[in-house]
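Q: Turn this into a structure:
(chains A and B)
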Amino acid sequence: MDALATVAFFLGVIAYSAASTLFFLDLARQNVPTGRSAWGPRVLGVAALLHAVHVSVASLILNRCPVESLHFGLSFSALVAVAAFLVLRRLRNLDAVGVIVAPAALTFLVAAQFVGVEVSSDLGISRPLLVLHVTANVLGVGLFVVAGAAGLLFLLQERRLQRKRAGALGTRLPSLDALDSATHRLLLTGFPLLTFGVVTGALFSRQLEISSGAALARTLFGFLTWAVLAAVLVLRRVAGMRGRRAAYGTLAGVLCVLLVVLVYAVRPGGHGS
Amino acid sequence: MITVVGLSHKSAPIEVREQFALPADRVPDLLSRLVARPEVGEALLVSTCNRVELVAAARAGAPLEAVAHAGREVLAALAPAAPSDALYALTGGAAVKHLFAVASSLASLVLGEPQILGQVKDAYELARKTGTVGAVLHRTLSRALHTAKLVRSHTAIGSGQVSVPSVAAELARRIFGDLRGHSVLLVGSGEMAETVARLLQSSGARLVVVGRTPEKVAALAAAVGGEARAWSELTATLGEVDVIITSTSAPTAIIELEHVKQAQKKRRGRSQFYIDLAVPRDVSPKVQGRDGVFLYNIDDLSQVVSESLKTRGREAALAQEIIDAEVRSFDRWAGAEQATPLIVALRERIRTALGVELGRSLKGRLRHLGQPEREALDTMLDAAVNRLLHLPTTRLRESAVLAELDAPSLSDLTLAIEHVFALDEDAGDAELTLSEPRASETPSALARSDAGELEVPRHQVMEK
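A: Numbering: from 1, shown residues only, chains lettered A, B, ... in the order given. I've put the predicted structure just below:
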């Protein structure tokens, strides 16, 4: 079992690396102006499958529910991001987003190895609520990673078009409308999950009477992330904020999400395995 | 090998080229007349708006120069008034290289344009139907098309769009993606503006036309299938549309920053693409750089076109390398082909001799054998001939391609083999006709064995 988890991990790393390379090469191809990637999504799908095998087997070996530790949580976020991307690319021809999602999934898979698998027991908080809290955050992080990727590509494409260079043609980047719409829908889907995660997180902090600096920073970053993404969504709805400013807002929110994850990962006692 | 005779945009102006224009229904007659000449074995005609070129192969023994001369005469007859030096002629490797470059769009007026590949294919198909294509042109065209595909897949020679209207339409797609459900406003008139509007409309966009003269607007709207609106509705209409194409003769800007701000407010931040084709400009340059607003004037669009062509120019060098490599490969094949008549003759001589001996045995000591056994013996002889001649065939082809100092040349070997096997003598005495060569051993079949992408009917493979 242990060997199977290890083999699946290394094969997953190789497959994610190959998918990242394929997406990059596909984006660099100038002679095919539009269209779908041939192999990148397939290899990414295989990588995600290996990744899922690794997580499932490793959690069985350790006898841990995958959503109870940050170690597996990170891995699951990457899987959610890949799944969201694979669905999105079919619906909206956004293959190029894979050039960011694939390396991000690889980073999450590898980074998870440096994060502890231990779960604090007897915290005095509701276990089902904790599972829901982590699940909501895992799903939210996965969706926001894809939203961030789409936002980043939006800014890249917008810059090329504003600069009026020949490079504005012949690129395999998706259209601005497609990227903007995808970013918005991902934010809309992820925001309720984030809200649930922030509210339950605040409840836990209060119950546990956490007063350490790191815990306070996590809570504050959680609220900040929620506020930034809420502002992006509200301003779009109320004032029609789209395009470049909305993309910058999305990126700021996603950066906050990643910072929360980072602060949580490097908390005292968070290292391990 | 082949010869190419003709003229193109590089060698002759349109006034001369148009004299050589030939309707497709007259091409078969021209080709038939050409191959009816004793020196011409095969021919096809590539005729586009930028070039008219005869591609021809010689009959066995005929010099390529004679074929080129025949091609000149036939083409010159099309345009008696054209200058005598209007036509160029290329022979041998230069002709092959030129044909590969033409198919790969390296010789086109717009470098990398994709239509030429289809035009060359059509030229081949027409000649094939006419019956003027044989093994040489089949192989040459097949390699030319293969080379063109290599160039397209390995270089960016065909990337991007290269005319102002097509660049504008492509940019609109970069902003909005699928244009269905989007709307386009055409302000003023002008050929280029109408072309852009039509391109966007053909992609599914709805068209609105605004102008100062109601009659002209109505006529233009009817012509392009759009909705006509009065000039006074321009500002209000701006807020409804995604793409705005302006081409008026107004001396100052007709769309100011304030108009665009109002439109954006009305559109709640949705992007707009302004295509300003007018000189002086119709859209204020202050609009430039606003979030969600993309403004391209005629200079911007021309710059994209020219930079796109520069990119193609850089890719042309890479494409030329691919063509050179393919021409070298083709030369090797053509060299090896020189050995084919000798190989065919040798194979026929040996198979015939063995067939005669087998026939005698089947009439004598082996007369008791049934039909299945006789057929098995016949098959065995074929296999024996193949095995026996495999190495000599390989060596002969190698001697045609590789000119090594210490190795005998193909001509030396040809003389020796012809002498040893008496190939130059008539071997057709009555006794030798007992066993006919099999279909797979005929010169036609050998030529077919080299077939590439294009299929050549058996009867059209010319014997050298």
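Q: for chain B, what are the low-confidence residue spans?
A: B:109-110, B:159-162, B:400-407, B:424-464 (pLDDT under 70).
Q: Repeat that for the stretch 51-200 of chain A.
A: A:62-70, A:115-124, A:165-171.
Q: if we go to 90?
A: Counting by pLDDT under 90, the stretch 51-200 of chain A shows low-confidence ranges at A:54-77, A:88-96, A:108-135, A:137-138, A:160, A:163-174, A:197-200.
Q: if I pick the closest residue to B:Arg351 other than its chain neighbours, what's in contact with it?
A: Leaving aside its sequence neighbours, B:Arg351 sits nearest to B:Val385 (Cβ to Cβ, 6 or more residues apart in numbering or on different chains; 5.0 Å). C-betas here are computed from N, CA, C, even on glycine. The neighbours of B:Val385, taking Cβ atoms under 8 Å, 6 or more residues apart in numbering or on different chains as the test, are B:Arg347, B:Ile350, B:Arg351, B:Leu354.
Q: Looking at those residues, spot the one nearest B:Gln272.
A: Closest to B:Gln272 out of those is B:Arg347 (73.7 Å), distances taken as Cβ to Cβ.
Q: I'd say that closest one and B:Pro392 touch.
A: No - between B:Arg347 and B:Pro392 there is no contact, the gap being 9.6 Å when judged by Cβ atoms under 8 Å.
Q: Now the residue nearest to B:Arg351: phi and psi?
A: With angles defined as degrees, to the nearest 10, B:Val385 sits at phi -60, psi -40.
Q: I'd like to know how far B:Ser361 sits from B:Arg374.
A: 10 Å (Cβ to Cβ, to the nearest Å).
Q: which residues are common contacts for these two?
A: With Cβ under 8 Å, 6+ apart, B:Ser361 and B:Arg374 have no common neighbours.
Q: neighbour count winner among B:Arg347 and B:Pro392?
A: B:Arg347 (22 against 17; other Cβ atoms under 10 Å in any protein chain shown).
Q: Please report how far that one lies from B:Arg360.
A: Distance of B:Arg347 to B:Arg360, given as Cβ to Cβ: 21 Å.
Q: got it, and A:Ala96?
A: In terms of Cβ to Cβ, A:Ala96 sits 75 Å off from B:Arg360.
Q: Please say which of these two ends up with more neighbours.
A: A:Ala96 (24 against 13).
Q: In three-state terms, label that one for me.
A: helix (DSSP: H, G, I helix; E, B strand; the rest coil).
Q: wait, doesn't it sit right on A:Leu25?
A: No - if you go by Cβ under 8 Å, A:Ala96 and A:Leu25 don't touch, sitting 11.8 Å apart.
Q: Run through the residues of the stretch 301-450 of chain B sitting next to chain A.
A: Contact residues, the stretch 301-450 of chain B versus chain A (Cβ under 8 Å from any Cβ of the partner chain): B:Gln303, B:Val304, B:Glu307, B:Ser308, B:Lys310, B:Thr311.
Q: Which of those residues sits closest to chain A?
A: B:Glu307 (3.3 Å; Cβ to the nearest Cβ).
Q: Tell me the backbone dihedrals of B:His182, please.
A: The phi/psi pair for B:His182 (degrees, to the nearest 10) is phi -90, psi 160.
Q: roughly how far apart are B:Ala228 and A:Leu173?
A: Distance from B:Ala228 to A:Leu173, by Cβ to Cβ: 36 Å.
Q: Of these two, which one has the most company?
A: Neighbours per residue, other Cβ under 10 Å: of B:Ala228 and A:Leu173, the larger number sits with A:Leu173, 23 against 19.
Q: contacting residues around the residue lying closest to the more buried one once chain neighbours are set aside?
A: Of all residues not flanking A:Leu173 in the chain, A:Gln157 sits nearest, at 4.5 Å (Cβ to Cβ, 6+ apart). Shown in contact with A:Gln157 (Cβ under 8 Å, 6+ apart): A:Thr171, A:Leu173, A:Pro174, A:Ser175, A:Leu176, A:Leu179, B:Arg174.
Q: could you dump these to CSV with secondary structure and distance to A:Gly140?
A: Shown next, in CSV, are these (DSSP: H, G, I helix; E, B strand; the rest coil; distance: Cβ to Cβ, whole Å):
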residue, secondary structure, distance to A:Gly140
A:Thr171, coil, 31
A:Leu173, coil, 26
A:Pro174, coil, 23
A:Ser175, coil, 27
A:Leu176, helix, 25
A:Leu179, helix, 20
B:Arg174, helix, 31
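Q: from the residues you listed, which is closest to A:Leu143?
A: Distances from A:Leu143 to these, taken by Cβ to Cβ, are shortest for A:Leu179, at 15.2 Å.
Q: burial of that closest one, as a residue count?
A: A:Leu179 has 27 neighbours, counted by other Cβ under 10 Å.
Q: From A:Gly142, how far off is the residue nearest to it when sequence neighbours are not counted?
A: Counting by Cβ to Cβ, 6+ apart, A:Leu179 lies nearest to A:Phe154, which is 4.0 Å off, once chain neighbours are set aside. A:Phe154 sits 19 Å away from A:Gly142, going by Cβ to Cβ.
Q: sec struct for the residue positioned nearest the centre of chain B, please.
A: Using Cα atoms, centre = their mean, the residue of chain B that lies closest to the mean C-alpha position is B:Leu117, 2.7 Å off. With three-state DSSP as the basis, B:Leu117 sits in helix.
Q: pretty sure it contacts B:Ala103?
A: Yes - assessed by Cβ under 8 Å, B:Leu117 is found in contact with B:Ala103 at 6.2 Å.
Q: joint contacts of these two?
A: B:Leu145, B:Ala148.
Q: Go through the residues of the stretch 301-450 of chain B next to chain A and flag which are in helices.
A: B:Gln303, B:Val304, B:Glu307, B:Ser308, B:Lys310, B:Thr311 (DSSP state H).
Q: Show me which of those are buried.
A: Those of these that meet the buried threshold are B:Gln303, B:Val304, B:Glu307, B:Ser308, B:Thr311, by 16 or more other Cβ atoms under 10 Å in any protein chain shown.
Q: Those: which two are farthest apart?
A: B:Gln303 and B:Thr311, at 12.5 Å, using Cβ to Cβ across those.
Q: Let me see the ranges of the strands in the stretch 1-150 of chain A.
A: Using DSSP state E, counting those that start in this stretch, no strands are found in the stretch 1-150 of chain A.
Q: in the stretch 251-400 of chain B, which spans are strands?
A: Using DSSP E, counting those that start in this stretch, strands in the stretch 251-400 of chain B cover B:272-276, B:293-297.
Q: For the stretch 151-300 of chain B, which residues are neighbours of chain A?
A: Residues of the stretch 151-300 of chain B lying near chain A (Cβ under 8 Å from any Cβ): B:152-153, B:155-161, B:167, B:170-171, B:173-178, B:265, B:267-271, B:289, B:291-292, B:294, B:296, B:300.
Q: Give me the neighbour count for residue 57.
A: Picked chain A for this. By other Cβ under 10 Å, neighbour count at A:Val57 equals 19.
Q: meant chain B, my bad for not saying
A: Neighbour count of B:Ala57, defined by other Cβ under 10 Å: 28.
Q: Distance of it relative to B:Asp29?
A: 19 Å.
Q: need the contact list for B:Ala263.
A: So B:Ala263 contacts B:Thr235, B:Leu238, B:Gly239, B:Gln272 (Cβ under 8 Å, 6+ apart).
Q: State the distance from it to chain A.
A: B:Ala263 sits 12 Å away from chain A, going by Cβ to the nearest Cβ, to the nearest Å.
Q: got a list of what the spatially closest residue to B:Val279 that is not a sequence neighbour touches?
A: Counting by Cβ to Cβ, 6+ apart, the nearest residue to B:Val279 once its immediate chain neighbours are dropped is B:Ile298, at 6.3 Å. Residues near B:Ile298 by Cβ under 8 Å, 6+ apart: B:Val164, B:Asp276, B:Leu277, B:Ala278, B:Val279.
Q: Quick check on those: which are buried?
A: Buried among the contacts of B:Ile298 by 16+ other Cβ under 10 Å: B:Val164, B:Asp276, B:Leu277, B:Ala278.
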